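Q: sequence and computational prediction follow.
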Amino acid sequence: MAELLTGEAREQRRAAVADLGAALRELVDAAVRTEVGAPGLAAAAAAARDLAAQLRAGQRGLLEVASVDDPVAGERWYSPVYGPGSPVAPPLLVDSEGGGRVTARVTVPKALEGPPGLAHGGTIATLLDHVLARALRSAGRGGLTATLTVTYRRPVRLGVEHVLHAEVATTEGRRSTARARIVTADDPDTVLAEGEGLFVALRPEAAAHTFAGVDHAPEAWTARP
Ligand SMILES: CCCCC/C=C\C/C=C\C/C=C\C/C=C\CCCC(=O)SCCNC(=O)CCNC(=O)[C@H](O)C(C)(C)COP(=O)(O)OP(=O)(O)OC[C@H]1O[C@@H](n2cnc3c(N)ncnc32)[C@H](O)[C@@H]1OP(=O)(O)O
């Protein structure tokens with residue numbers, strides 16, 4: 001079981017995690033855009049395997065929560081959406097949240113491309129799903145996504161700054177719904193994609209089953225008052 005860090009030790013490790021994450025995102029971008037020759041690719045593959053071996057020297061299991069995480073608040077430093085340590089996160093930057101509303105910014109990188117020059121539709125769905133969940137959390141509502149409906153109205157382009165807005169729509173028992181949209185920073189009135197999600201908070205017995213084997217109970221996704 002990975003021991004969760006607190007205080008100064010956690011801050012220091014979080015800074016190092018974020019620094020490695022930024023370096024790896026540069027590497028992923030370089031890797032998906034490279035046109036160097038085959039010998040250059042072979043040398044890079046060997047260097048990448050050396051680096052992986054270096055990181056495997058201290059490794060947690062698949063169900064173990066990272067020592068820098070806060071599973072009660074739901075802060076995941078390797079989240080594929082916003083995690084500062086994730087090589088595959090765009091990453092999404094949350095600017096403000098509270099009272100059932102969230103505003104976030106993102107610039108979708110080449111690694112998350114769908115049609116040439118455009119964000120992959122699954123990436124857009126991922127971003128919308130996250131801000132929907134975050135809006136609900138900011139209103140004290142937990143839960144897992146039960147349904148997600150995405151309407152793609154205009155392309156979301158790579159390399160352009162976009163803004164997401166989300167807000168709680170309804171709350172009833174363990175069920176909550178929220179709405180979100182994505183626009184460009186330069187043209188906030190033209191909606192590019194919209195999302196609507198239903199989130200269901202887990203009953204304690206369902207949470208025990210869903211998160212069986214996870215070392216720190218992720219309270220953020222279970223039933224909340
Ligand atoms: C910078 C450094 C970091 C800083 C970061 C800081 C902070 C970060 C903080 C927080 C991050 C927070 C949040 C964001 C995180 C993640 C968001 C991602 C969310 C996901 O990625 S999540 C994964 C995908 N998701 C699943 O993996 C779900 C699999 N699934 C299930 O686990 C069950 O399916 C479940 C739980 C959905 C329901 O199961 P269940 O057994 O509890 O449900 P049950 O049957 O009791 O229904 C109860 C009531 O919901 C209604 N209901 C249920 N399902 C429905 C449906 N589909 N359509 C319509 N109604 C439905 C019923 O009709 C009933 O309604 P009623 O009560 O009225 O009868």
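A: Received, thanks.
Q: show me which helix runs longest in the protein.
A: helix 7-33 (DSSP state H).
Q: helices of the chain, start to end?
A: In the chain, the helices defined using DSSP H lie at 7-33, 38-56, 121-138, 204-210.
Q: and the longest helix of the chain with helix 38-56, angle?
A: Going by axes from the mean of the first three to the mean of the last three C-alpha atoms, to 10 degrees, helix 7-33 is angled at 160 degrees with respect to helix 38-56.
Q: may I see the buried residues of helix 7-33?
A: Buried residues in helix 7-33, counted by 16 or more other C-beta atoms under 10 Å: 10, 13-14, 17-18, 21, 24-25, 28, 31. Heads up, the C-betas are built off the backbone N, CA and C, glycines and all.
Q: any chance of the helices of the chain in CSV, plus distance to the ligand and mean pLDDT?
A: Listed next are the helices of the chain as CSV, based on distance: least, C-beta to the nearest ligand atom, whole Å; pLDDT from 0 to 100:
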stretch, distance to the ligand, mean pLDDT
helix 7-33, 8, 98
helix 38-56, 20, 98
helix 121-138, 3, 97
helix 204-210, 5, 88
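Q: for residue 148, list each beta-bridge partner.
A: Beta-bridge partners for residue 148, by DSSP bridges, are residue 197.
Q: buried residues, the longest strand along the chain. List them.
A: The longest strand of the chain (DSSP state E) is strand 161-172. Across strand 161-172, burial judged by 16+ other C-beta under 10 Å covers 162-169, 171.
Q: circling back: export the helices of the chain to JSON lines and tack on distance to residue 158?
A: Shown next, in JSON lines, are the helices of the chain (distance: least, C-beta to C-beta, whole Å):
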{"stretch": "helix 7-33", "distance to residue 158": "11"}
{"stretch": "helix 38-56", "distance to residue 158": "23"}
{"stretch": "helix 121-138", "distance to residue 158": "10"}
{"stretch": "helix 204-210", "distance to residue 158": "35"}
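Q: in contact with the residue nearest in space to the middle of the chain, which residues are there?
A: Computing the C-alpha centroid of the chain and ranking residues by C-alpha atoms, centre = their mean puts residue 81 first, at 1.7 Å. Contact analysis of residue 81 by C-beta atoms under 8 Å, 6 or more residues apart in numbering lists 89-92, 126-127, 130.
Q: near the closest residue to it other than its chain neighbours, how many other residues are there?
A: Leaving out its chain neighbours, the residue that sits closest to residue 81 by C-beta to C-beta, 6 or more residues apart in numbering is residue 130, at 4.4 Å. As a burial measure, residue 130 scores 24 neighbours (other C-beta atoms under 10 Å).
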